[in-house]
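[1] Have a look; sequence and predicted model below, questions after that.
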Amino acid sequence: MPELEINPLRNVPNEAVLDAIRADASMEYQRRIPLATDAGISDTVKNLTNHRTLYNEFIDALVNRIGMVIARNTNWSNPLAPFKRGLLTFGDTIEEIQVGLLEAHVYDPDREYMEHAIFGTETPEVQANFHKVNRQNYYKISVNEPMLRRAFLDPNGLTTFVNKLMESPSTSDQWDEFLLTTSLFAKYENAGGFYHVNVPDVRDIESDEADAKLALRKMRAMADTLKFLSTKYNAAKMPTFADASDLYLFVTPEFNAAIDVEALAGAFNIDKAAMHGKVQPIPADQFRVEGAQAILTTKDFFVIADTALETTNQFNPVSRSNNYFLHHHQVVSASRFVPAVMFWTGQDDEVITISDSVASVSTPAATDIDGNVQTTVQRGNIYELGSEATMTSGEVGAVSYTVTGSTSTKTYVTKTGVLHVGGDEGAGPLVITARSVYVDPSDTRKDPVASTALSLTVAGPVVPEWPVQGDGVTSINIQGTPIPGFTVADTSYDVPLADYEPPIRKSDIVVNAGGGDANVTLTGNQTDGYVITVSYDPGTGAPVVYTVNVTVV
């Protein structure tokens, strides 16, 4: 956005002013009006008054070209002018946009991500503010010929004349701009924009050092807090933050006088020389908010931009004077997106601290791929689990799931709550436990409420997996000797210990099987006899158990 560049005008002699105007004037003006340095001011003024159109051209140049420069360099200027955003060359609206945060999703490498996850849209919250031109003022001043003639009596009278001429409309414009800018504080407060922090009334003559230190402590804590994303401290309740280098503190003169400058500079981590660039005094009556002492915000709080700053003129033939109009059109507004904190003697904004705990956890539900709730699950299928924790505050909390009772290593629950039932899962029921993940800050060791009410029956054929199902046990050998009369169908045998060389060790037992897995256990001793148990799973999930009693005769 372009800036208005204003250079100061030095106090120069009348001749220099007249010749400067002549140099930029029309050909007719240059032909009829002589150089003041050569012909003298009297001849120049005489020629001007003899030619009304040329006189009007001179007055226009004097006021429009020189007067506008002086208008921006008068004795009093708006101290809040540095917060302006320059010249709005085109249009009459400034648009502010704030984008919110995106929701985090849990990645699961075992999950099939379909078209919604891949091609679906997900947009963050977006808010926009439109600041339109709301100030269109003009300031009128009249210039007549006698006033101008008196200006030539002094060697530097022309610049003095223009200074006095433009001082009134310019100062009026600057003061009105300041009043409109500070009025934003009350309007912002009335709309509920500020976040409030209570501080002692350090403006009171009886306030002491402890009051000032407490106020400083709260301001420093808030300045550090604003570095982090939060929705609490701006009017739009959008996630925003403020960099420390962008913070400005607007204070009443009384508050500023009560706070030690050295301590205030330290509170904002800036040196004493730079402190005045961060702290801006504002008269207490201009805050227009009862009890307001300071406002902490950023340089972007004010949305102020000029759309027109110019002078126009009209000759009045009746009064034989020229009327000049200083026009100033602006956008004067405040941002809803930047953090803005008011330190005042009123109450702190209500901060709701909820001592929350888990009231209950709903019974998990297993939903199949068609969206139907099931209490019987099929081997080899997947099911989406659904449960939620209800907090004492009424909010809904998250849960985690565990599965017990499974015999298959391929039965598990993913971190996204999907139950995978192994194809070789046994016949026993699966128990799904839903447990709240909430940690009570008042008692971090407290166990949350959990629900274990869901029991799932396992059904369906066993899904073959490599290795393929075995043909069964063909023999059981003890110390290299097969058990006499072994058949697949017979699961119990008695053999004499005398047929073997004691002691019998587990390594002495060999199971021959056509595929599948065999698990061997050995108990007993050579005095009382041995019991050999062979558990063989052919891959069906239903093991066959063989028992061999090695007895002492």
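    Thanks, I have the structure now.

[2] Just the CA trace of stretch 119-131, in PDB.
    Listed next in PDB are the C-alpha coordinates belonging to stretch 119-131 (Å, rounded to 0.1, in the frame of the first residue of the first chain):
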ATOM      1  CA  PHE A 119      -9.900 -37.300  -2.700                       C
ATOM      2  CA  GLY A 120     -12.300 -35.800  -0.200                       C
ATOM      3  CA  THR A 121     -12.100 -32.100   0.800                       C
ATOM      4  CA  GLU A 122     -11.400 -30.800   4.300                       C
ATOM      5  CA  THR A 123     -11.200 -27.100   4.700                       C
ATOM      6  CA  PRO A 124     -10.200 -25.200   7.900                       C
ATOM      7  CA  GLU A 125     -12.400 -22.500   9.500                       C
ATOM      8  CA  VAL A 126     -12.000 -19.200   7.600                       C
ATOM      9  CA  GLN A 127     -13.300 -15.800   8.800                       C
ATOM     10  CA  ALA A 128     -13.200 -12.500   7.000                       C
ATOM     11  CA  ASN A 129     -13.700  -9.000   8.100                       C
ATOM     12  CA  PHE A 130     -14.400  -6.100   5.800                       C
ATOM     13  CA  HIS A 131     -13.400  -2.600   6.800                       C
END
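
[3] Need the single longest helix in the protein, by residues.
    For the chain, the longest helix by residue count, based on DSSP state H, is helix 157-190.

[4] burial measure for residue 484, as a count.
    Burial of residue 484 is recorded as 8 neighbouring residues (other Cβ atoms under 10 Å). Bear in mind the C-beta positions are built from the backbone N, C-alpha and C, glycine included.

[5] for it, what are its contacts?
    Each residue near residue 484 by Cβ atoms under 8 Å, 6 or more residues apart in numbering is listed here: residue 495.

[6] Assign it to helix, strand or coil.
    Judged by DSSP: H, G, I helix; E, B strand; the rest coil, the three-state class of residue 484 is coil.

[7] before we move on, the earlier item: distance from the longest helix of the chain to the middle of the chain?
    The chain centroid and the centroid of helix 157-190 are separated by 37 Å, computed with Cα atoms, centre = their mean, to the nearest Å.

[8] for stretch 544-553, same thing?
    Centroid separation for stretch 544-553 versus its chain: 73 Å, with Cα atoms, centre = their mean.

[9] re earlier: which other helices and strands contact the longest helix of the chain?
    Counting contacts by 3 or more Cβ pairs under 8 Å, 6 or more residues apart in numbering; DSSP states H and E, helix 157-190 packs against helix 14-23, helix 68-71, strand 135-144, helix 145-151, helix 284-287, strand 292-298, strand 302-316, strand 321-334.

[10] List the contacts of the residue most central in space within the chain.
    Closest residue to the average C-alpha location of the chain: residue 239 at 2.6 Å, with Cα atoms, centre = their mean. The neighbours of residue 239, taking Cβ under 8 Å, 6+ apart as the test, are 100, 101, 229, 230, 231.

[11] switch the cut-off to 6 Å
    100, 101, 229, 231 (Cβ atoms under 6 Å, 6 or more residues apart in numbering).

[12] Leaving out chain neighbours, which residue sits closest to the third one?
    The one in question is residue 229. Excluding the flanking residues, the one nearest residue 229 by Cβ to Cβ, 6 or more residues apart in numbering is residue 239, at 4.7 Å.

[13] ok, so what distance separates that neighbour from residue 191?
    To residue 191, residue 239 is 20 Å away according to Cβ to Cβ, to the nearest Å.

[14] what's the answer for residue 410, then?
    Going from residue 410 to residue 191 by Cβ to Cβ gives 60 Å.

[15] out of those two, which sits in the busier spot?
    residue 410 (15 against 11).

[16] and the residue lying closest to that one once chain neighbours are set aside, what are its phi and psi?
    Nearest residue to residue 410, sequence neighbours excluded (Cβ to Cβ, 6+ apart): residue 422, at 3.1 Å. As for residue 422, its main-chain torsions (degrees, to the nearest 10) stand at phi -60, psi 150.

[17] is it true that residue 422 touches residue 409?
    No: with contacts counted by Cβ atoms under 6 Å, residue 422 stays clear of residue 409, the gap being 7.0 Å.

[18] give me every residue that touches residue 102.
    Applying Cβ under 6 Å, 6+ apart, the residues near residue 102 are residue 124.

[19] which SSE is it in?
    Per DSSP states H and E, residue 102 falls between elements, in no helix or strand.

[20] mind checking how far it is from residue 245?
    Separation of residue 102 from residue 245 (Cβ to Cβ): 27 Å.

[21] Low-confidence ranges, the stretch 101-250 of the chain, go.
    Applying pLDDT under 70 to the stretch 101-250 of the chain picks out residues 110-116, 144-166.

[22] at 90 instead, please
    Low-confidence regions of the stretch 101-250 of the chain, defined by pLDDT under 90, span residues 101-178, 181, 191-192, 200-224, 231, 236-237, 243-246.
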